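Peer 1: pasting the sequence and the predicted model now:
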Amino acid sequence: MASGGGAVREVGSRAELDAAVGGARAAAVHFWASWCEASKQMDEVFAHLAVDFPHALFLRVEAEEQPEISEAYGVSAVPYFVFCKDGKTVDTLEGANPASLANKVAKLAGPANVAESAAPASLGVAAGPAVLEKVQQLAQQNGSSAAESATALNKRLEQLVNSHPVILFMKGNPDEPRCGFSRRVVDILKQEGVEFGSFDILGDNEVREGMKKFSNWPTFPQLYCKGELLGGCDIVIAMHESGELKDVLKEHNIPLRPQGSKIEEPVISESTGEKSPEPIGLTEAQKARLESLTNSNPVMIFIKGSPEEPKCGFSGKVIHILKQEKIPFSSFDILSDDEVRQGLKVLSNWPSYPQVYIKGELVGGSDIVMEMHKSGELKKVLSEKGIIPKDSLEDRLKALISSSPVMLFMKGNPDAPLCGFSSKVVNALRGAGVSFGSFDILSDEEVRQGLKTYSNWPTFPQLYYKSELMGGCDIVLEMEKSGELKSTLSE
């Protein structure tokens, strides 16, 4: 049975990681990046935890250097932690939260051999002196500089949106877009003949999350002109098709290349009213066939194998997500037709498979679909395109309630409750050793008010077990006192 012995071990391959995790009773894996300051801070905490929990295995993976591992574990931002028990993933953590990391490690590996009274209340579990000192140090630093950090971020975002007369916040870069919506906006800007700057939001999670609040726009890409948000993909497409985009650019004195002039590394030809030239290597008939295939179903996936027997793991993941979300789709096995396999790479300017199309527009590959699924963006896009019906509030509440066998609707989150009653219920559940999901009702007023009516229970927190309401704080505490809480939730 492998143990870390108090040190963090660097992992260099998927096979090495699988062997290490498979041979360990408890293992924690830190996906990090050298350019990310938050990763560096959390890596210090991670190293201290390795000292305090020597019987667990602590592994570190350079996320960008090991894309196969990162994709296998669904890593889309750093720092990111995966917690495994007996070779199976049991929990994850995204972001820089030292207290939450310490809690999850302690839950995974058992308390460190120190007096529980030494742990600060925010940890909620016994932790060793090394990690306690580091967590307290970071908490002090973060607390004292929280306002300064928010101000600094806003200043940075202000500078970014004004760094070019026209700037696109996108996934990837103009030469290698990493989602179909970003690619479409890039193509339009090139077709309009406008020079623009870009920022890859996948490379900086602070900017990615900050821009959503800064612009009050939840998705990407985001297009700015002279520091003002124009909108996302659908708005840019509509403005382009109506001619409004060109008018807005001219009004802001944005220089446009004359029609027919050459744009460096063109993707789409200038808008001259003539048909765009075919991508190199495709005949008119080939292009027509490929476009017919991509438009043959509202959701079309080009995969290796079939939905019943996928021939690669990435194709299997996309199929699993679509089936899990109950999204109707059709598929094409690119292994059965090499002309389609090679031609689609040229048509889409996307070099690998699977490829997912929504109403003829490329969305991306498995990593993009996994990310959109995780964030909820996939369902949102599909409902906006009219492919799936928008969830009613009741459907949404039912889905949230059933998202975990034990589900707590509270103020804040388990690691940072924002009311005493929520904190008491969290402590009771943890004291009973119960795993549970949670939802912060302060983050969504529609859910907050809707759940009161749905449950016929006017206050929060609310605890559900197998989709049935158990009650609020008083009932949970009574059940804890009688021993009924642990026995009921362990059934």
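Peer 2: Ah, there it is. Just so you know, these numbers come straight off a predicted model, no measurement behind them.
Peer 1: quickly list what the nearest residue to residue 461 once chain neighbours are set aside is bridged to.
Peer 2: For residue 461, ignoring the flanking residues on the chain, the nearest one in space by Cβ to Cβ, 6 or more residues apart in numbering is residue 410 at 4.2 Å. All C-beta atoms are positioned from the backbone trio N, CA, C, and that covers glycine. For residue 410, the residues forming beta bridges with it (DSSP bridges) are residue 440.
Peer 1: count the neighbours of residue 410 for me.
Peer 2: Other residues within reach of residue 410, judged by other Cβ atoms under 10 Å, total 24.
Peer 1: now swap in residue 255 and tell me
Peer 2: When counting by other Cβ under 10 Å, one arrives at 10 neighbours for residue 255.
Peer 1: what residues are up against the nearest residue to it once chain neighbours are set aside?
Peer 2: Take residue 255 and drop its neighbours on the chain: the residue closest to it by Cβ to Cβ, 6+ apart is residue 195, 7.2 Å away. If you count contacts by Cβ atoms under 8 Å, 6 or more residues apart in numbering, residue 195 has them with 166, 255, 257.
Peer 1: could the residues you listed go into TSV alongside distance to residue 190 and secondary structure?
Peer 2: Compiled in TSV, the contacts of residue 195 are given as follows (distance: Cβ to Cβ, whole Å; DSSP: H, G, I helix; E, B strand; the rest coil):
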residue	distance to residue 190	secondary structure
166	12	strand
255	14	coil
257	9	coil
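Peer 1: how about these in a markdown table, adding distance to residue 448 and pLDDT?
Peer 2: Output for the contacts of residue 195, formatted as a markdown table (distance: Cβ to Cβ, whole Å; pLDDT from 0 to 100):
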| residue | distance to residue 448 | pLDDT |
| --- | --- | --- |
| 166 | 39 | 93 |
| 255 | 49 | 86 |
| 257 | 51 | 75 |
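Peer 1: just give me the closest of these to residue 99.
Peer 2: Ranking the contacts of residue 195 by separation from residue 99, with Cβ to Cβ as the measure, puts residue 166 on top at 42.0 Å.
Peer 1: who's that closest one bridged to?
Peer 2: residue 225.
Peer 1: where does pLDDT dip in this protein?
Peer 2: 1-5, 76, 111-149, 258-281, 375-376, 391, 491 (pLDDT under 70).
Peer 1: next, the residue nearest to residue 255: phi, psi?
Peer 2: The phi/psi pair for residue 195 (degrees, to the nearest 10) reads phi -80, psi 140.
Peer 1: next one: phi and psi at residue 406?
Peer 2: Comment: the main-chain dihedrals of residue 406 come out as phi -110, psi 120, following degrees, to the nearest 10.
Peer 1: residue contacts, it?
Peer 2: Under the criterion of Cβ under 8 Å, 6+ apart, the contact partners of residue 406 comprise 429, 434-437, 463-465, 489.
Peer 1: which parts of the stretch 351-491 of the chain are strands?
Peer 2: Assigned by DSSP state E, counting those that start in this stretch, the stretch 351-491 of the chain shows strands spanning 355-358, 361-364, 406-410, 412-413, 416-417, 437-440, 462-465, 468-471.
Peer 1: now for the fourth one, which elements pack on it?
Peer 2: Packed against strand 412-413 by the contact rule (3 or more Cβ pairs under 8 Å, 6 or more residues apart in numbering; DSSP states H and E) you find strand 437-440.
Peer 1: let's see the strand it packs on as PDB, backbone CA atoms only.
Peer 2: Taking C-alpha atoms only, strand 437-440 is exported to PDB below (Å, rounded to 0.1, in the frame of the first residue of the first chain):
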ATOM      1  CA  GLY A 437     -24.000  18.300  -2.000                       C
ATOM      2  CA  SER A 438     -24.900  22.000  -1.500                       C
ATOM      3  CA  PHE A 439     -26.300  25.000  -3.300                       C
ATOM      4  CA  ASP A 440     -25.700  28.600  -2.200                       C
END
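Peer 1: returning to what we had before: redo the strands of the stretch 351-491 of the chain as CSV? Include distance to residue 202.
Peer 2: Listed next are the strands of the stretch 351-491 of the chain as CSV, based on distance: least, Cβ to Cβ, whole Å:
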stretch, distance to residue 202
strand 355-358, 17
strand 361-364, 11
strand 406-410, 31
strand 412-413, 25
strand 416-417, 27
strand 437-440, 25
strand 462-465, 35
strand 468-471, 40
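Peer 1: between those strands, which one is closest to residue 479.
Peer 2: With distances scored as Cβ to Cβ, the stretch of the strands of the stretch 351-491 of the chain nearest to residue 479 is strand 468-471 (7.6 Å).
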